[in-house]
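Undergrad: Fold the following.
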Amino acid sequence: MRGKMYSLWYPETEKDFFEKSLELTTKEQLFYKTEDNRYLAYWPKKYSGKKSTLQSRNAFIGNYTEKMVVNLLQNFAKSNNLFVLQGVICEELGLTSRSPADVAFCKTNNTVQKAENIKLIIEVKMSVVWNWEYINGELILVGDYSSHQGTPGLLRSDSMLKAIGKAINIRVSGNASSDIPIVILGNTPIQKSYIKKVDHLKKAGIVQGFWSLNPKPKENETLEMTPKKGFIRMNAYEDFVSYLNELISHDFFFFSSMKSKKELGQIIEICNQEDDFEEKGHKFLELIGD
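TA: Next comes the predicted model:
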């Protein structure tokens, strides 16, 4: 990564993505070509000419953003005696070679992991946010995401649904996933229609947060945080690691059940016979799973 060691997602980061990718592929694989031979990251809002769908950029941006997150968190991981790894496989959690964890904090430096060695899973849902024009070998920033026809990052319903589906798949894989936090990491706000949903997902324990690493995705102010903190926009690297530290420094446990009020009352009464809060909690989790 060029620039600052601790850098979130800025236009400079995006420019770095294009520069690095152009060393590996052609401009036709990274930009849309307009009828008047302009090469743009997205179709402009008012463009009405012939259009095509660009799929080839997805693999490049996916790999770049996952590596960016790994590089960003190397020092934080080391300070917690952990390894931050890309493409982690864990059969116990339903994480296969075809659908691995994008990024994970692990106790050992191995791509293939046991669930007991995974401390945190991060699913990366980032894409190109701003619009860029490629002219004579130069990259020119021509507008934020409100200026083009694309729907980037967490603003896309399919990205949100894929992230939620992946998290649920991990959660229902078995008890091995119960104490592993899951974070969805993007570089845009979310749509208003998802505000209540992300807060409920956090409250239910399916996902511990939808976070954006983009402090200023457009000139006008964007959503910074939902009421229950299901979505949070990170405005500084220090904010990011502070929230991460909170997740890996506490013992969490996911539980889910549907029982009658009578059954719940009976469980609570039994738990109250234990001596302290930790024992009460342990007993509750034991009984709720029966």
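Undergrad: is it fair to say Lys228 lies in a helix?
TA: No - with DSSP: H, G, I helix; E, B strand; the rest coil as the criterion, Lys228 is assigned coil and is not in a helix.
Undergrad: how about the nearest residue to it, chain neighbours excluded?
TA: Among residues not flanking Lys228 along the chain, Asp199 sits closest, at 3.7 Å (C-beta to C-beta, 6 or more residues apart in numbering). Placement of C-beta: from N, CA and C, glycine included.
Undergrad: residue boundaries of the helices in the stretch 151-290 of the chain?
TA: 157-171, 195-204, 237-248, 261-271, 277-288 (DSSP state H, counting those that start in this stretch).
Undergrad: Find the centremost residue of this protein, please.
TA: Leu185 (2.0 Å; C-alpha atoms, centre = their mean).
Undergrad: do you know how far it is from Lys50?
TA: From Leu185 across to Lys50, the span is 35 Å (C-beta to C-beta, to the nearest Å).
Undergrad: Same question for Ile190.
TA: Per C-beta to C-beta, Ile190 is found 32 Å from Lys50.
Undergrad: These two: who's more crowded?
TA: The neighbour comparison of Ile190 against Lys50 (other C-beta atoms under 10 Å) goes to Ile190, with 26 against 8.
Undergrad: The more buried one against Phe231, yeah?
TA: Yes - using C-beta atoms under 8 Å, Ile190 is in contact with Phe231, at 5.2 Å.
Undergrad: Quick check: neighbours shared by the two?
TA: With contacts defined as C-beta atoms under 8 Å, 6 or more residues apart in numbering, the residues shared by Ile190 and Phe231 are 154, 198, 210, 223.
Undergrad: which ones are touching the third one?
TA: What that stands for is Phe210. 154, 160, 163, 183-184, 186, 190, 198, 230-232.
Undergrad: Next, count neighbours for Phe18.
TA: Count around Phe18 with other C-beta under 10 Å applied: 20.
Undergrad: Equivalent analysis for Asn272, please.
TA: Neighbourhood size, Asn272 [other C-beta under 10 Å]: 10.
Undergrad: Then the one 4 residues further on?
TA: In terms of burial, Asp276 registers 8 neighbours under the definition other C-beta under 10 Å.
Undergrad: Straight-line length of stretch 68-88, end to end?
TA: With C-alpha to C-alpha, to the nearest Å as the measure, stretch 68-88 spans 16 Å from end to end.
Undergrad: what comes up buried for it?
TA: 68-70, 72-73, 76-77, 80, 82-88 (16 or more other C-beta atoms under 10 Å).
Undergrad: Please narrow the residues you listed to those residing in helices.
TA: Mapping the buried residues of stretch 68-88 onto helices (DSSP state H) picks out 68-70, 72, 76-77.
Undergrad: From those, pick the one nearest Lys20.
TA: Nearest to Lys20 among these, counting by C-beta to C-beta, is Met68 at 10.4 Å.
Undergrad: And the pLDDT at Leu287?
TA: The model reports Leu287 with a pLDDT of 56.
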